[in-house]
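> got a predicted model here, sequence first, then my questions.
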Amino acid sequence: MSETDAAWIETALTSARPQAVGALLRYFRDLDTAEEAFQNACLRALKTWPQNGPPRDPAAWLIMVGRNVAIDEVRRARKQEPLPEDDQAISDLDDAEGELAERLDGSHYRDDILRLMFICCHPQLPATQQIALALRIVSGLTVKQIARAFLVSEAAMEQRITRAKAKIAEAGVAFEAPGAVERSERLAGVAAMIYLVFNEGYSASGDTAEIRKPLCEEAIRLARLLLRLFQSEPEIMGLTALILLQHARSAARFAEDGSLILLEDQNRSLWNGTMIAEGLALIDKAMRHRRSGPYQIQAAIAALHARAATPEETDWTQIDLLYGALELMQPSPVVTLNRAVAVSKVRGAQAALDMIEPLAPKLANYFHFYGVRGAFLMQLGRNDEARVAFDRAIALANTSAEAAHIRMHLDRLIRDSQPKGARGGAKAK
């Protein structure tokens, strides 16, 4: 097989996977059987497509071939009869089958994919298992790839996925097409799972940032897929816009040594303009529906940052108002903490500090709380208190980049506390 053939076949298989696996799951009502049927169909595609060219509808072809091969396997197991040697006997090359599959599955397309995604984000599964299962079943990443992204062994990841499948089987998930209310609930769960996948990649730093970058890219692919299924759903537009606008800044988020660069200090020429334009168009379209939701509000905040050519042009007043709306819609001490940053820009550090002080009991073990509190105290000249907050932040840092960023503030406090002569002598040395 030539490199050109391999490239287009891989693209076609990846694109067709959610629809094909979703349809096969509906047929066989078993996740392992559906996945194995799809893999068998892929093997047949790798053998026949280079010779015969791509089918008119790769997904329909894979559904039909996967279904036929799985049925033949069941028959062989029951009758202990060998399969015919002739590939044609398994009925995998006739274009008529593609047409039949289109008639069979066209009306189920959206529900099949939604069901597949919903199974992966079943509420009985912990978040880590939801993400791993979605990456394996919906995205088709290998166990090795997922393990590498999560920085665990292949054996540990294989066990995690196996446990997730077992819980799904025990839960007895219904395979009927969901009604309007249930579909809405499932859609919210799927969106949350996709955002979890994105955050797993986006929260990485240092040496792990590049390793986990594919998680962000896969989340974007899944969000776009969901958006194609629900083109008039403003919250899915908002979700897609949000992760596009956040990921657009990825090239500017870390220095060469792996240290974190704050938004206001980033080189904005490194931001991905094409991705920003797509995100801005989506959030503008979503807002026109006048049915705002948490993803839309967060995307609108990200859009204000993206539209600012310089940090000074950022509309912090509008960001403060948007965070206020998000607080009403989705009350959370973390949302209030984020809003406090906007308040510090609009009304000063003291007003922001007054806002976050009541959050201390709830955020006692949250790295960002102490980092933000220390920054406000430092702005107010309360350096001793700031040093205590920063020390606590370092103790709670999740990554080396977070710790390095706080140490930078501590070093500044130390320099500022030294007499001018001592600072000059130290600098000369």
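That came through, no problem.

> contacts, neighbours, all on C-alpha from now
Will do.

> what residue ranges in the stretch 151-300 of the chain score low on pLDDT?
173-180, 182, 205-209, 211 (pLDDT under 70).

> do a quick rundown of the helices in it.
Per DSSP state H, counting those that start in this stretch, the stretch 151-300 of the chain carries helices over the ranges 154-171, 180-202, 208-229, 234-247, 273-287, 294-307.

> go through these and pick out the most buried.
helix 234-247 (a mean of 27; mean count of other Cα atoms under 10 Å).

> okay, angle between it and helix 208-229 too, please.
150 degrees (axes from the mean of the first three to the mean of the last three Cα atoms, to 10 degrees).

> just want the angle from helix 234-247 to helix 294-307.
On the basis of the same axes, to 10 degrees, helix 234-247 is oriented at 40 degrees to helix 294-307.

> contacts for helix 234-247 next, please.
With contacts defined as Cα atoms under 8 Å, 6 or more residues apart in numbering, helix 234-247 is touched by 191, 195, 198, 202, 216, 220, 223-224, 226-227, 230-231, 275-276, 278-280, 282-283, 285-287, 289, 291-300, 302-303, 306.

> as TSV, the helices of the stretch 151-300 of the chain with distance to V143 would be great.
Output for the helices of the stretch 151-300 of the chain, formatted as TSV (distance: least, Cα to Cα, whole Å):
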stretch	distance to V143
helix 154-171	6
helix 180-202	15
helix 208-229	14
helix 234-247	24
helix 273-287	29
helix 294-307	30
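
> and those helices: which comes nearest N338?
helix 294-307 (11.0 Å; Cα to Cα).

> can I get the closest one in CSV? Just the C-alpha atoms.
Taking C-alpha atoms only, helix 294-307 is exported to CSV below (Å, rounded to 0.1, in the frame of the first residue of the first chain):
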residue,chain,number,x,y,z
PRO,A,294,-22.7,28.4,30.6
TYR,A,295,-20.6,27.4,27.6
GLN,A,296,-21.8,30.4,25.7
ILE,A,297,-20.9,32.8,28.5
GLN,A,298,-17.5,31.3,28.9
ALA,A,299,-16.9,31.5,25.2
ALA,A,300,-18.1,35.2,25.2
ILE,A,301,-15.4,35.9,27.9
ALA,A,302,-12.8,34.1,25.8
ALA,A,303,-13.9,36.1,22.8
LEU,A,304,-13.4,39.4,24.5
HIS,A,305,-9.8,38.4,25.3
ALA,A,306,-9.3,37.2,21.7
ARG,A,307,-10.6,40.5,20.2
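
> would you mind identifying the next helix or strand past it?
Downstream of helix 294-307, the first helix or strand assigned by DSSP states H and E is helix 316-329.

> buried ones in the next helix or strand along the chain from that following helix?
With elements assigned by DSSP H and E, the helix or strand that comes after helix 316-329 is helix 333-347. By 16 or more other Cα atoms under 10 Å, the buried positions in helix 333-347 come out as 333-334, 336-346.

> for these, which one is nearest I137?
V334 (32.0 Å).

> rewinding a little: closest to A59 out of the helices of the stretch 151-300 of the chain?
helix 208-229 (14.3 Å).

> and that closest one with helix 180-202, angle?
Going by the same axes, to 10 degrees, helix 208-229 makes 160 degrees with helix 180-202.

> quick check, central residue of the chain?
What sits nearest the mean C-alpha location of the chain, by Cα atoms, centre = their mean, is F198, with 2.1 Å.

> my read: it touches P214, true?
No. Counting by Cα atoms under 8 Å, F198 stays clear of P214, with 9.2 Å between them.

> isn't S250 up against R268?
No. Using Cα under 8 Å, S250 is not in contact with R268, being 10.6 Å away.

> following the chain past the longest helix anywhere in the chain, name the next helix or strand.
For the chain, the helix that runs over the most residues, judged by DSSP state H, is helix 3-28. Using DSSP H and E, the helix or strand that follows helix 3-28 in sequence is helix 31-52.

> after that next one, which helix or strand is next?
helix 58-79.

> from the contact counts, what lies against that following helix?
In terms of contacts (3 or more Cα pairs under 8 Å, 6 or more residues apart in numbering; DSSP states H and E), helix 58-79 is packed against helix 3-28, helix 31-52, helix 95-105.

> which one, of the ones you listed, ends up nearest to D411?
helix 3-28 (48.8 Å).

> tilt between the closest one and helix 208-229?
60 degrees.

> got any ranges where the stretch 1-150 of the chain has weak pLDDT?
In the stretch 1-150 of the chain, residues with pLDDT under 70: 1-3, 77-110.

> how about stretch 188-201 as PDB, C-alpha atoms only?
Only the C-alpha atoms of stretch 188-201 are listed here, as PDB (Å, rounded to 0.1, in the frame of the first residue of the first chain):
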ATOM      1  CA  ALA A 188     -25.500  18.000  28.200                       C
ATOM      2  CA  GLY A 189     -23.700  15.000  29.500                       C
ATOM      3  CA  VAL A 190     -21.900  14.500  26.200                       C
ATOM      4  CA  ALA A 191     -20.900  18.200  26.100                       C
ATOM      5  CA  ALA A 192     -19.500  17.900  29.600                       C
ATOM      6  CA  MET A 193     -17.500  14.800  28.600                       C
ATOM      7  CA  ILE A 194     -16.000  16.600  25.600                       C
ATOM      8  CA  TYR A 195     -15.000  19.600  27.800                       C
ATOM      9  CA  LEU A 196     -13.400  17.200  30.300                       C
ATOM     10  CA  VAL A 197     -11.300  15.700  27.400                       C
ATOM     11  CA  PHE A 198     -10.200  19.200  26.400                       C
ATOM     12  CA  ASN A 199      -9.300  20.200  29.900                       C
ATOM     13  CA  GLU A 200      -7.200  17.100  30.400                       C
ATOM     14  CA  GLY A 201      -5.000  18.400  27.500                       C
END
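
> no further queries at this time; thank you.
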